[in-house]
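Trainee: Compute the structure for the input listed below.
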Amino acid sequence: MKKINTLRRTSGKGLGLMAKTGFHCPANGFWRPEDCSGDPVFVFEGSIMPASRGGSTVWYLEDAAFGPPEYPLPAR
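Mentor: Numbers count the residues shown, from 1 in each chain. Sure thing, here's the model as predicted:
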């Protein structure tokens, strides 16, 4: 299993990542189905991309998470 990092979000249409339903997610972030039906869905890197409206679709990365956290995490 891949290690999941705590990351800072970055937005932009130039991110250019896409993934198909049933394949592993290439990056943490908010993903929108190609038909733009509904709100974006947050998917963790390494997770299986979900179906949209009960069927297979292509997902486009809308809002990604890159780099170190913007603020320190609370101590446990």
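
Trainee: which residues in the protein form strands?
Mentor: Using DSSP state E, the strands of the chain run over 8-11, 18-20, 29-33, 41-43, 58-66.

Trainee: list the buried ones in the fourth one?
Mentor: When burial is assessed from 16 or more other CB atoms under 10 Å, strand 41-43 yields the following buried residues: residue 43. Every C-beta, even on glycine, is put in place using the N, C-alpha and C of the backbone.

Trainee: Which elements pack onto that strand?
Mentor: Contact here means 3 or more CB pairs under 8 Å, 6 or more residues apart in numbering; DSSP states H and E; on that basis strand 41-43 packs against strand 29-33.

Trainee: Please work out the average pLDDT along the strand it packs on.
Mentor: For strand 29-33, mean pLDDT is 91.

Trainee: Same question for stretch 37-45.
Mentor: The model assigns stretch 37-45 a mean pLDDT of 85.

Trainee: Can you show me the CA trace of that stretch as PDB?
Mentor: C-alpha atoms of stretch 37-45 as PDB (Å, rounded to 0.1, in the frame of the first residue of the first chain):
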ATOM      1  CA  SER A  37     -22.400  15.900 -13.300                       C
ATOM      2  CA  GLY A  38     -22.400  16.700  -9.600                       C
ATOM      3  CA  ASP A  39     -19.800  18.000  -7.200                       C
ATOM      4  CA  PRO A  40     -16.200  17.000  -7.200                       C
ATOM      5  CA  VAL A  41     -15.300  13.900  -5.100                       C
ATOM      6  CA  PHE A  42     -12.100  13.700  -2.900                       C
ATOM      7  CA  VAL A  43     -10.100  10.600  -3.700                       C
ATOM      8  CA  PHE A  44      -6.900   9.500  -2.000                       C
ATOM      9  CA  GLU A  45      -3.900   8.500  -4.000                       C
END
